[in-house]
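Novice: predicted model, plus sequence, below.
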2 protein chains.
Amino acid sequence: MAPVTNVRALFNEVPKGYYPEPEKTTVIDTTQSIDPETVSLDGGILIKTLDLSIDPYLIGQICDAPLRSSAPAFEIGKAVYSYGVGVVVRSENASSKAGDHVYGILDHAHYNIKKDLSSAGLEILGNPHNLPWSTYLGVLGLPGKTAYYGWKEYSKAKKGETAFVSTGAGAVGSLVIQLAKRDGLKVIGSAGSDEKVLFMKEIGADVAFNYKTTSTKEVLAKEGPIDIYWDNVGGETLDAALEAMAVNGRIIVCGMISMFANSDAAGIKNLGQVIAKSITINGSAVNRLEDKHRADFGREMPALVASGEIKHKEHVWNGLENFGNALLAVLKGTNKAKAIIHVADN
Amino acid sequence: MAPVTNVRALFNEVPKGYYPEPEKTTVIDTTQSIDPETVSLDGGILIKTLDLSIDPYLIGQICDAPLRSSAPAFEIGKAVYSYGVGVVVRSENASSKAGDHVYGILDHAHYNIKKDLSSAGLEILGNPHNLPWSTYLGVLGLPGKTAYYGWKEYSKAKKGETAFVSTGAGAVGSLVIQLAKRDGLKVIGSAGSDEKVLFMKEIGADVAFNYKTTSTKEVLAKEGPIDIYWDNVGGETLDAALEAMAVNGRIIVCGMISMFANSDAAGIKNLGQVIAKSITINGSAVNRLEDKHRADFGREMPALVASGEIKHKEHVWNGLENFGNALLAVLKGTNKAKAIIHVADN
């Protein structure tokens, strides 16, 4: 096999605002060539990238947002990276063999060379149900785990209760809606387009509304009180939910896109409700819940996805040049479903 | 015995701002006379008022603050009421006898007539350690229970951890400091005067500071991270604490005076930290924890107060005309310790 270009998306510039600028945040580099058959691996593994995941947390790695995550910022001139699925092309390492599919953090490049699986934080994907590989970046990946672990750990859901899920058509929220329905709850979902409202109804939400055209406060006043609020956005929606919470209500905060992206946001004013109603708020971080819930997730979720009992959707961008486009869509909510950058078929 | 005047403090006017106006909020009424020996009780109980408690929650009963409590507002022209201790003068009821001391909600009046103890929510005080009756309004009353129940239920305190207590010289905060020290924690306390700082040191705080002259943010950056934050104030202090919290930190919100009294407050901006650090926030309402913790409280606390192992302090106003003065001091933090209105010695 002749050498091929190892196309890479390099981090180019910290955005001036909080949002990525697709033409500037990353640039495509085509200067590196690689011969997959002969490139020196020094005992390591050569991985061909198939699909890459774009998730809101990446804002913390492209800019100094006030609420940035603890992950280190991307380095200018080096490839950006995120969760992805790849296939092992060659291995000089006992941890994997050619043909294995792996999941974990991958550079946004056609090829990654890693020393071994464990030091790279990669794991081999079993895929007994022959699901599309991108499934392991969405409903069976980080967003799916975020929903599942957080719901199992903090919801204390009881049949007959009422849950409200913001960003209910998103990768995380759409699974939360379905988990809540499976637990026998009445579920209210909000999202930012009528198309998303339709999807929330398809997956079982009892009440689904477009927060851009319908008042969250009014819907919650009518359909509440809310026993469990799954908060993906913070800001005014959280204030409205606080007002509509029931006594002993639980709020699971999982994302606060509105607050990440806007340091001038008004802030939360209704925290007094937390006292008045003995509310519990839990910040849910998937990495700290991994050890406790991953086995249950692996046992339960792939089968439910394969049987169609759990539904999910993807919004696919083709090609590494779409890092900024996809992240911007995720942060502005203009993506239609879980954002995936598709790189190669297999 | 000849008839005496039953002096009463009547609710007179809803304050225009959020604070009571001492000359206007209540007025003293001397038009009711009562002969304790002959007044008709209709099978009820005549109680002489000894001490009355003034606590921050009363703001919710004098005005339409946005975060008002669920307790009903006082009625114009009727006596205000709060927790108090009285002594039974005459009883035509099996629930109590003359000489019994009782605790519960009492009208701010020299005398109260009640149908029986249970319908009035009153209980007989045992006082085996012969403590001053006002003790049952402070460290052994609502503030003491607020601190004790909330700490036992939500702190998950572990020896060697660090706790931060705002309003640490107050009726609730000063007990939280001592409970945290008894659990082996490093304790940081903040309050609004140098005198209060001294008191926090006397009761064992490792670090005590005046938030009016020292930056809360700087103290917490130096002395943190904070595993447990006991929040009596909300607002900027809560934002500063959120920034200084440790991973898996617990915040117990118990009072938010700054947010009660100021609907234009900026709101809480650092809630993103809740996700980044897997923080749990619990709203603590003493009434919902009563059944679970009251027996432990009764077994443990009076003995600790009697032996001097738990210290406490009172700020006493003499006379029913002081309702507005005392509540204003409590809300503005100019009281020196637990606010008591003393009515009669015995």
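Specialist: Thanks, I have the structure now. Treat the numbers as computed from the prediction; the structure is a model and nothing was measured.
Novice: what's in contact with the strand or helix carrying residue A:175?
Specialist: Here residue A:175 sits within helix A:171-182, counting by DSSP states H and E. Residues outside helix A:171-182 that contact it (CB atoms under 8 Å, 6 or more residues apart in numbering or on different chains) are A:55, A:138-139, A:143-144, A:146-148, A:150-151, A:155, A:157, A:163, A:165-168, A:187, A:189, A:191, A:199-200, A:203-205, A:228, A:230, A:232, A:254-255, A:310-313, A:337-339. In this view, the C-beta of every residue, glycine as well, is placed from N, C-alpha and C.
Novice: just after it, pick out the following helix or strand.
Specialist: Remark: after helix A:171-182, the chain's next helix or strand is strand A:186-191, criterion DSSP H and E.
Novice: for that next one, packing partners?
Specialist: Counting contacts by 3 or more CB pairs under 8 Å, 6 or more residues apart in numbering or on different chains; DSSP states H and E, strand A:186-191 packs against strand A:162-165, helix A:171-182, helix A:194-202, strand A:207-210, helix A:216-223.
Novice: most packed of the ones you listed?
Specialist: Most buried of the helices and strands packed on strand A:186-191, by mean neighbour count (mean count of other CB atoms under 10 Å in any protein chain shown): strand A:162-165, with a mean of 28.
Novice: what about that strand, average pLDDT?
Specialist: With pLDDT averaged residue by residue, strand A:162-165 scores 98.
Novice: now for it, which elements pack on it?
Specialist: Contacts defined by 3+ CB pairs under 8 Å, 6+ apart place strand A:162-165 against helix A:171-182, strand A:186-191, strand A:226-231.
Novice: direction included, what does it pair against?
Specialist: Looking at strand A:162-165 with DSSP bridges, its partner strands are strand A:186-191 (parallel), strand A:226-231 (parallel).
Novice: okay if I get those as CSV plus distance to residue A:284, mean pLDDT and mean neighbour count?
Specialist: What follows is these, written out as CSV (distance: least, CB to CB, whole Å; pLDDT from 0 to 100; neighbours: other CB atoms under 10 Å in any protein chain shown):
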stretch, distance to residue A:284, mean pLDDT, mean neighbour count
strand A:186-191, 18, 97, 27
strand A:226-231, 9, 97, 27
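Novice: please see if stretch A:44-56 touches chain B.
Specialist: No: under the criterion of CB under 8 Å from any CB of the partner chain, chain B is not reached by stretch A:44-56; the shortest gap measures 10.9 Å.
Novice: how far does that stretch sit from the chain's center?
Specialist: Stretch A:44-56 sits 15 Å away from the centroid of its parent chain (CA atoms, centre = their mean, to the nearest Å).
Novice: then it to CSV, C-alphas only?
Specialist: Output in CSV follows, covering the C-alpha atoms of stretch A:44-56 (Å, rounded to 0.1, in the frame of the first residue of the first chain):
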residue,chain,number,x,y,z
GLY,A,44,2.3,0.4,19.4
ILE,A,45,-1.0,0.3,17.6
LEU,A,46,-2.1,2.0,14.4
ILE,A,47,-5.8,2.9,14.5
LYS,A,48,-7.9,4.1,11.6
THR,A,49,-10.6,6.6,12.7
LEU,A,50,-14.2,5.8,11.8
ASP,A,51,-16.4,8.2,13.7
LEU,A,52,-15.8,11.1,16.2
SER,A,53,-18.2,12.5,18.7
ILE,A,54,-18.9,16.2,19.2
ASP,A,55,-20.2,17.1,22.6
PRO,A,56,-20.8,20.4,24.5
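Novice: what is the mean pLDDT for it?
Specialist: For stretch A:44-56, the mean per-residue pLDDT is 95.
Novice: ok, residue A:251 to residue A:187 distance?
Specialist: 15 Å (CB to CB, to the nearest Å).
Novice: can you give me the end-to-end span of stretch A:253-272?
Specialist: This stretch, stretch A:253-272, spans 17 Å end to end (CA to CA, to the nearest Å).
Novice: check contacts around residue A:123.
Specialist: A:102-104, A:117.
Novice: can you rerun that using 10 Å?
Specialist: Shown in contact with residue A:123 (CB atoms under 10 Å, 6 or more residues apart in numbering or on different chains): A:96, A:101-104, A:117, A:136.
Novice: which of the residues you listed tops the neighbour count?
Specialist: Within the contacts of residue A:123, most neighbours by other CB atoms under 10 Å in any protein chain shown means residue A:136, with 26 neighbours.
Novice: in the stretch 201-346 of chain A, which residue sits nearest chain B?
Specialist: residue A:267 (2.6 Å; CB to the nearest CB).
Novice: these two touch, right, that residue and residue B:272?
Specialist: No: with contacts counted by CB atoms under 10 Å, residue A:267 stays clear of residue B:272, the gap being 11.2 Å.
Novice: for these two, indicate the residue with more neighbours.
Specialist: The neighbour comparison of residue A:267 against residue B:272 (other CB under 10 Å) goes to residue B:272, with 22 against 19.
Novice: burial count for the nearest residue in space to residue A:135 that is not next to it in sequence?
Specialist: Of all residues beyond its chain neighbours, the one nearest residue A:135 is residue A:305 (6.4 Å), with distances taken as CB to CB, 6 or more residues apart in numbering or on different chains. Using other CB under 10 Å, residue A:305 is surrounded by 20 other residues.
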